[in-house]
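Enquirer: Quick check, what structure comes out for this input:
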Amino acid sequence: MSCPEGYYAAGQCIQCEDNCKRCSSSVPYYCYECYQGFAVLNGKCNDLNKTDTCATPRQPDTFECDVCKNGWYGPRCEYQCGFCLFGKCRKYDANCQCLKGYYGSTCFNKCKIGCKEEICDSFYGYCSCKDGYYGSYCSGTCDLNCLRCEGYSFDCRICKPGYWGRRCSYFCRPGCLNGECNKDTGLCQCASGYFGPNCTRLCEGCVDETCQDLGTCACKKGYYGTHCEHSCGKGCINNACYETSGQCECVDNYFGDFCNETCSSFCIECESATICSRCSEGHYGVNCNETCGPACLHNTCDSVGRCACIPDYNDEPYCDGSSAETTISSNTVWMVVSVIALVLAVAALIASVIVKYVHCRCV
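Expert: As a prediction, this is how the structure comes out:
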């Protein structure tokens, strides 16, 4: 049975209640749609001019409004929606529009802590994960040094700066640029002052401590080698040596191509540990282990120990006699010996005369 607008069929066409355009024949009575200027409220038509469901002024001719009050929806905010705990009805249907951080049919559920900016799908709760979380709801936590993982906490896609490996458990080398390296291999671009496949070698011997990728550079003073990795010998004059070979001229007391070996004691210049070409003052010999004579002038002697003596000495060429105060020349010794012999002869003669005299008196 078909009834005109404003009526419902119940064995006959019965008119809907006032201002109702479409109603039901069931019990209890319920109006589904009202004529313009009225809105359904609790199954009955209410005058929109007297119903406070619109949050903004209504259009005078259509009674439509831009924003409905919470709990209402429709062009004229004429329909009542369900209960929205942390949200409000959407303007043109009865579904809830949840506040940021909530989801579900009544906006009762809170988005998971791992959701980026605490935003998730308003109905199902799916979301994009912030760093360190994974899963459809971003409820799983990645391994400690992992920013982004998929499926499992250990299946990391992006590591925190300074780490690498499937679980981001390895440190990037200290020489990596900005402390970052390839997530899968650990290889990196070297920072200034480092070189090598893993950026572990220092350019410490290079000018300004900078070098090319292969470690080649200009050496600063005191270093040599392809990578300036060797120090010049400690006996090099002015701590300088040839940049390619490391050879240098030696200061006193050092010898060898690299001036790293020391001469023997009391040796100033040497060709080896056993052959000395210049001894320190007061010494001589192949190894400078002999001492010049104590009376050598200026405490110096030649390579075999010969020297000029200090005054009052006359035992050149080695000047190794006694001190000047106790030294007596050979002429003086001869004179002394002669005098003593003469004295002894005179004493013997006198003794002989005395003996003869005594003998005569006795006879």
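
Enquirer: residue contacts, residue 280?
Expert: Residues near residue 280 by Cβ atoms under 8 Å, 6 or more residues apart in numbering: 266, 267, 268, 288. For glycine as for every other residue, the C-beta is placed from the backbone atoms N, C-alpha and C.

Enquirer: Assess the claim that the last one and residue 274 are in contact.
Expert: It stands for residue 288. No - contact criterion Cβ atoms under 8 Å: residue 288 and residue 274 do not qualify, at 10.7 Å.

Enquirer: three-state assignment of residue 343?
Expert: At residue 343 the chain is in helix, as set by DSSP: H, G, I helix; E, B strand; the rest coil.

Enquirer: got a list of what it touches?
Expert: Contacts of residue 343 by Cβ under 8 Å, 6+ apart: none found.

Enquirer: beta partners for residue 224?
Expert: Beta-bridge partners recorded for residue 224 (DSSP bridges): residue 230.

Enquirer: per-residue pLDDT, it?
Expert: Per-residue pLDDT puts residue 224 at 94.

Enquirer: any common contacting residues for residue 288 and residue 274?
Expert: Shared contacts of residue 288 and residue 274, counting by Cβ under 8 Å, 6+ apart, come down to residue 264.

Enquirer: Please identify which of the two sits among more neighbours.
Expert: residue 288 (23 against 11; other Cβ atoms under 10 Å).

Enquirer: can you pull out the strands in the stretch 251-363 of the chain?
Expert: 254-255, 261-262, 267-270, 276-279, 283-284, 290-291 (DSSP state E, counting those that start in this stretch).

Enquirer: out of those, nearest to residue 235?
Expert: Closest to residue 235 of the strands of the stretch 251-363 of the chain, according to Cβ to Cβ: strand 254-255, at 2.7 Å.

Enquirer: how far away is the residue most central in space within the chain from residue 145?
Expert: Residue closest to the mean C-alpha point of the chain, counted by Cα atoms, centre = their mean, is residue 174 at 4.5 Å. As judged by Cβ to Cβ, to the nearest Å, residue 174 and residue 145 stand 17 Å apart.

Enquirer: Same check on residue 235?
Expert: 50 Å.

Enquirer: Show the model's pLDDT score for residue 158.
Expert: 91.

Enquirer: For the protein, which residues score under the pLDDT cut-off?
Expert: 153, 322-339, 341, 353, 355-363 (pLDDT under 70).

Enquirer: just the helices in it please.
Expert: For the chain, the helices defined by DSSP state H occupy 330-362.

Enquirer: which residues does the residue nearest to the centre of the chain contact?
Expert: Contact analysis of residue 174 by Cβ under 8 Å, 6+ apart lists 194, 199, 200.
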